[in-house]
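Enquirer: pasted the sequence and its predicted model underneath.
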Amino acid sequence: MPPTLQGNELIFEEDCAPRRVMELFTVKWTSMVIHALFHLPQRTARTGVLQRSLPGISKKMLVQTLRDMEQRGLVRRKVYEVVPPKVEYALTPLGETFAQPIEMLYRWGAENEAALDALQAAGSGRSGQGADLDRPPGNREHP
(Lines give C-alpha, C1' and ligand atoms only; values in the text may rest on other atoms or scores of the structure.)
Protein backbone atom coordinates (compact mmCIF):
# COMPACT_ATOMS: atom_id res chain seq x y z
CA MET A 1 0.00 0.00 0.00
CA PRO A 2 1.48 3.38 -0.99
CA PRO A 3 1.40 6.45 1.28
CA THR A 4 -1.88 8.38 1.04
CA LEU A 5 -2.57 12.07 0.84
CA GLN A 6 -5.24 13.36 3.24
CA GLY A 7 -5.72 17.05 2.71
CA ASN A 8 -2.22 18.51 2.88
CA GLU A 9 -0.80 15.62 4.90
CA LEU A 10 1.05 12.59 3.59
CA ILE A 11 0.12 9.52 5.64
CA PHE A 12 2.46 6.51 5.84
CA GLU A 13 0.17 3.76 7.12
CA GLU A 14 1.73 0.92 9.12
CA ASP A 15 1.44 -1.47 6.18
CA CYS A 16 2.80 0.89 3.49
CA ALA A 17 5.85 -0.22 1.49
CA PRO A 18 8.33 2.37 2.88
CA ARG A 19 7.58 1.38 6.48
CA ARG A 20 7.68 -2.34 5.67
CA VAL A 21 11.07 -1.96 3.96
CA MET A 22 12.51 0.12 6.79
CA GLU A 23 11.25 -2.40 9.35
CA LEU A 24 13.70 -4.87 7.86
CA PHE A 25 16.58 -2.54 8.71
CA THR A 26 15.57 -1.59 12.24
CA VAL A 27 17.85 -4.34 13.52
CA LYS A 28 21.31 -2.83 13.14
CA TRP A 29 23.00 -5.96 11.84
CA THR A 30 20.46 -7.37 9.37
CA SER A 31 21.73 -5.52 6.32
CA MET A 32 25.37 -6.21 7.25
CA VAL A 33 24.71 -9.96 7.56
CA ILE A 34 22.99 -9.94 4.17
CA HIS A 35 25.92 -7.98 2.73
CA ALA A 36 28.49 -10.38 4.21
CA LEU A 37 26.69 -13.51 3.01
CA PHE A 38 26.26 -11.95 -0.43
CA HIS A 39 30.03 -11.46 -0.75
CA LEU A 40 31.33 -14.64 0.89
CA PRO A 41 32.42 -17.54 -1.34
CA GLN A 42 29.43 -19.72 -2.21
CA ARG A 43 27.34 -17.23 -0.21
CA THR A 44 27.35 -19.55 2.81
CA ALA A 45 29.09 -19.21 6.14
CA ARG A 46 29.33 -20.65 9.60
CA THR A 47 28.59 -18.42 12.57
CA GLY A 48 32.27 -17.90 13.39
CA VAL A 49 33.09 -16.77 9.84
CA LEU A 50 30.23 -14.29 9.92
CA GLN A 51 31.30 -12.97 13.31
CA ARG A 52 34.88 -12.42 12.08
CA SER A 53 33.48 -10.69 8.99
CA LEU A 54 31.55 -8.24 11.17
CA PRO A 55 33.85 -6.77 13.84
CA GLY A 56 31.84 -5.37 16.72
CA ILE A 57 28.95 -7.83 16.65
CA SER A 58 28.68 -10.08 19.68
CA LYS A 59 27.99 -13.78 19.24
CA LYS A 60 24.67 -13.34 21.06
CA MET A 61 23.58 -10.51 18.72
CA LEU A 62 24.70 -12.44 15.63
CA VAL A 63 22.75 -15.55 16.66
CA GLN A 64 19.70 -13.42 17.49
CA THR A 65 19.94 -11.63 14.12
CA LEU A 66 20.36 -14.91 12.23
CA ARG A 67 17.35 -16.45 14.01
CA ASP A 68 15.22 -13.42 13.15
CA MET A 69 16.41 -13.52 9.54
CA GLU A 70 15.68 -17.25 9.33
CA GLN A 71 12.19 -16.67 10.70
CA ARG A 72 11.58 -13.97 8.09
CA GLY A 73 12.83 -16.24 5.30
CA LEU A 74 15.98 -14.25 4.47
CA VAL A 75 18.49 -16.99 5.37
CA ARG A 76 18.38 -20.74 5.56
CA ARG A 77 20.12 -22.64 8.30
CA LYS A 78 21.70 -26.00 7.49
CA VAL A 79 22.67 -28.24 10.41
CA TYR A 80 25.15 -31.03 9.76
CA GLU A 81 24.87 -34.15 11.92
CA VAL A 82 28.53 -34.20 12.97
CA VAL A 83 30.52 -33.82 16.15
CA PRO A 84 31.30 -31.05 16.92
CA PRO A 85 28.07 -29.56 15.56
CA LYS A 86 28.34 -27.66 12.28
CA VAL A 87 25.79 -25.06 11.17
CA GLU A 88 25.93 -23.01 7.98
CA TYR A 89 23.84 -20.05 6.89
CA ALA A 90 23.03 -18.98 3.34
CA LEU A 91 20.82 -16.40 1.73
CA THR A 92 17.47 -17.67 0.48
CA PRO A 93 16.10 -16.42 -2.85
CA LEU A 94 14.19 -13.82 -0.81
CA GLY A 95 17.44 -12.81 0.93
CA GLU A 96 19.12 -12.47 -2.48
CA THR A 97 16.29 -10.13 -3.51
CA PHE A 98 16.97 -7.90 -0.49
CA ALA A 99 20.72 -8.00 -1.17
CA GLN A 100 20.25 -6.01 -4.38
CA PRO A 101 19.06 -2.70 -2.83
CA ILE A 102 21.49 -3.14 0.08
CA GLU A 103 24.38 -3.43 -2.38
CA MET A 104 23.18 -0.29 -4.20
CA LEU A 105 23.01 1.61 -0.90
CA TYR A 106 26.46 0.42 0.20
CA ARG A 107 27.92 1.31 -3.22
CA TRP A 108 26.43 4.79 -2.81
CA GLY A 109 28.06 5.00 0.62
CA ALA A 110 31.47 4.03 -0.79
CA GLU A 111 31.11 6.65 -3.53
CA ASN A 112 30.00 9.36 -1.10
CA GLU A 113 32.32 8.89 1.86
CA ALA A 114 32.89 12.64 2.16
CA ALA A 115 29.15 13.20 2.67
CA LEU A 116 29.03 10.42 5.26
CA ASP A 117 32.07 11.90 7.03
CA ALA A 118 30.41 15.32 7.09
CA LEU A 119 27.18 13.83 8.44
CA GLN A 120 29.07 11.98 11.15
CA ALA A 121 31.04 15.12 12.04
CA ALA A 122 27.84 17.17 12.24
CA GLY A 123 26.27 14.55 14.49
CA SER A 124 29.26 14.48 16.80
CA GLY A 125 29.08 18.24 17.34
CA ARG A 126 32.16 19.24 15.37
CA SER A 127 31.22 22.53 13.75
CA GLY A 128 31.91 23.67 10.24
CA GLN A 129 32.18 20.37 8.38
CA GLY A 130 28.47 19.60 8.07
CA ALA A 131 27.84 22.80 6.10
CA ASP A 132 29.27 21.27 2.89
CA LEU A 133 26.37 18.79 2.70
CA ASP A 134 24.16 21.33 0.92
CA ARG A 135 26.64 21.77 -1.94
CA PRO A 136 26.91 19.39 -4.91
CA PRO A 137 29.71 16.80 -4.47
CA GLY A 138 32.01 18.52 -6.99
CA ASN A 139 31.80 21.84 -5.11
CA ARG A 140 32.62 20.64 -1.63
CA GLU A 141 35.75 21.74 0.10
CA HIS A 142 37.75 18.91 1.60
CA PRO A 143 39.76 19.52 4.79
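Expert: Yep, that arrived. Numbering: from 1, shown residues only.
Enquirer: residues contacting P41?
Expert: P41 is in contact with no residue at all, counting by C-beta atoms under 8 Å, 6 or more residues apart in numbering. Just so you know, the C-beta spots here come from the backbone N, C-alpha and C atoms, and that holds for glycine as well.
Enquirer: check which element follows the longest helix seen in the chain along the chain.
Expert: Looking across the chain with DSSP state H, the single longest helix is helix 93-111. Of the helices and strands lying after helix 93-111 in sequence (DSSP states H and E), the nearest is helix 113-123.
Enquirer: now do the buried residues in that following helix.
Expert: Within helix 113-123, the residues that qualify as buried by neighbour count (16 or more other C-beta atoms under 10 Å) are 114-115, 118, 121-122.
Enquirer: report how many residues lie close to the residue nearest to Y80 when sequence neighbours are not counted.
Expert: What sits nearest to Y80 in space, not counting adjacent residues and going by C-beta to C-beta, 6 or more residues apart in numbering, is K86, at 4.1 Å. Residues lying near K86 (other C-beta atoms under 10 Å) number 12.
Enquirer: could you do R72 as well?
Expert: Close neighbours of R72, defined as other C-beta under 10 Å, add up to 15.
Enquirer: now do the contacts for it.
Expert: Shown here is R72, whose contacts under the criterion C-beta under 8 Å, 6+ apart are L24.
Enquirer: any idea how far L24 is from it?
Expert: If you measure R72 against L24 using C-beta to C-beta, to the nearest Å, the figure is 8 Å.
Enquirer: centroid-nearest residue for this protein?
Expert: Closest residue to the average C-alpha location of the chain: S31 at 2.3 Å, with C-alpha atoms, centre = their mean.
Enquirer: what's around Q71, how many residues?
Expert: By the other C-beta under 10 Å criterion, the neighbourhood of Q71 contains 9 residues.
Enquirer: secondary structure element holding it?
Expert: Counting by DSSP H and E, the element that carries Q71 is helix 59-72.
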